[in-house]
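> this is a predicted model, with the sequence first.
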Amino acid sequence: MHTVPFNLAQLTQDAAQAARQAGALLRDGFGGIQASRAKSGIHDLVTEYDIRVEHLLHELLTDLVPSSEFLGEEGGMRSGVSTSSLTWIVDPLDGTVNFAHGIPIFCVSIGAAVNGQVVSGVIYNPMLDELFTAYHGGGALLNGRPIGVSATTAVDDSILVTGFPYNVESNPRRCIDQFASLVGKGLPIRRLGSAALDLAYTAAGRFDGFWEVELQPWDMAAGTCLVREAGGVVTQYDGITMQLEASSIVATNGLIHQELLEILHLAERS
């Protein structure tokens with residue numbers, strides 16, 4: 001990675017404070033009557049809190065680095081001055097469907113990228129007050145304490161997590177078949193409804209691996225930094241190093257990575 005013209009430790013600390021402020025707003029709004037509307041499909045929701053939190057984060061984060069760009073789920077790209085400047089990649093409320101239905105599994109996700117490479121990640125679960133942070137070369141932390149990926153060496157011994165796209169009925173990349181092939185092994189597989197938390201929990205060793213298709217940069221940016229800094233591996237389905245524009249992701253402790261890729265490929269081709 002090229003030299004980064006930022007103090008990443010300070011940048012991450014400042015982003016974490018912004019995430020805490022955003023999380024407080026979500027916590028205050030949780031459990032109330034949520035005005036929501038569908039975006040691409042009936043279950044692809046946006047609430048007033050998605051919008052309010054994104055506006056708050058746009059203000060806080062672009063104040064931290066005035067030359068920065070901002071890519072948010074609800075507002076797209078804003079404040080751009082240069083493709084080489086720092087870009088904040090933000091999901092203000094990852095787990096909107098959970099939030100809107102009173103299910104306390106959601107988070108704020110803030111990634112920072114320089115020259116297309118994610119260099120910092122912050123994921124905050126306000127309901128559990130769990131703050132996951134990482135930056136390039138600095139390791140991964142949960143509430144200030146180091147975390148690391150699991151030591152599981154075989155898929156058969158793993159606990160995995162996944163998600164499904166909003167167009168799951170069209171079975172993109174045979175995602176239903178991939179899920180069935182792993183469930184058929186008798187594995188415990190979870191579906192939290194938040195890709196960012198899936199990645200954070202993989203970084204913390206709670207899950208051994210995560211896979212999903214049809215994701216967006218704001219779903220993955222912060223989490224990929226966390227997994228890598230925690231000692232894990234993150235690639236696309238084809239095994240190529242993860243890029244921001246990719247839509248498929250496999251993130252593991254590294255020890256089960258190749259085996260999981262092979263299982264997914266076999267199900268996709270069958």
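Received the coordinates, thanks.
> now do the contacts for the most centrally placed residue in the chain.
The centroid of the chain falls nearest to residue 196 when counting by C-alpha atoms, centre = their mean (2.6 Å). Applying C-beta atoms under 8 Å, 6 or more residues apart in numbering, one finds that residue 196 lies in contact with 91, 94-95, 107, 109, 123, 219-220, 222-223. Yep, even glycine has a C-beta here, placed from its N, CA and C like the rest.
> and which of those residues is nearest residue 262?
Closest to residue 262 out of the contacts of residue 196 is residue 220 (21.9 Å), distances taken as C-beta to C-beta.
> run the chain-centre distance for the helix or strand containing the closest one.
Assessed by DSSP states H and E, residue 220 sits inside helix 217-229. Centroid displacement of helix 217-229 relative to its chain, using C-alpha atoms, centre = their mean, to the nearest Å, is 5 Å.
> then stretch 197-208?
10 Å.
> could you list the alpha-carbon positions for that stretch in CSV?
Written as CSV, here are the backbone C-alpha positions of stretch 197-208 (Å, rounded to 0.1, in the frame of the first residue of the first chain):
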residue,chain,number,x,y,z
LEU,A,197,-21.7,-6.8,12.0
ASP,A,198,-21.1,-10.2,10.2
LEU,A,199,-17.6,-8.9,9.3
ALA,A,200,-17.0,-7.4,12.7
TYR,A,201,-17.9,-10.6,14.4
THR,A,202,-15.7,-12.6,12.1
ALA,A,203,-12.8,-10.3,13.0
ALA,A,204,-13.6,-10.9,16.7
GLY,A,205,-13.5,-14.7,16.2
ARG,A,206,-17.2,-15.1,16.9
PHE,A,207,-17.7,-16.4,13.4
ASP,A,208,-15.2,-18.4,11.5
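> for the record, mean pLDDT for that stretch?
Mean pLDDT, computed over stretch 197-208, is 98.
> follow-up on the earlier one: which SS state does the residue nearest to the centre of the chain fall under?
Three-state call for residue 196 (DSSP: H, G, I helix; E, B strand; the rest coil): helix.
> any idea how far it lies from residue 218?
9 Å (C-beta to C-beta, to the nearest Å).
> same thing with residue 190?
With distances taken as C-beta to C-beta, residue 190 is found 22 Å from residue 218.
> and the two? Which one has more around it.
Counted by other C-beta atoms under 10 Å, residue 190 and residue 218 do not tie: residue 218 has more neighbours, with 24 against 15.
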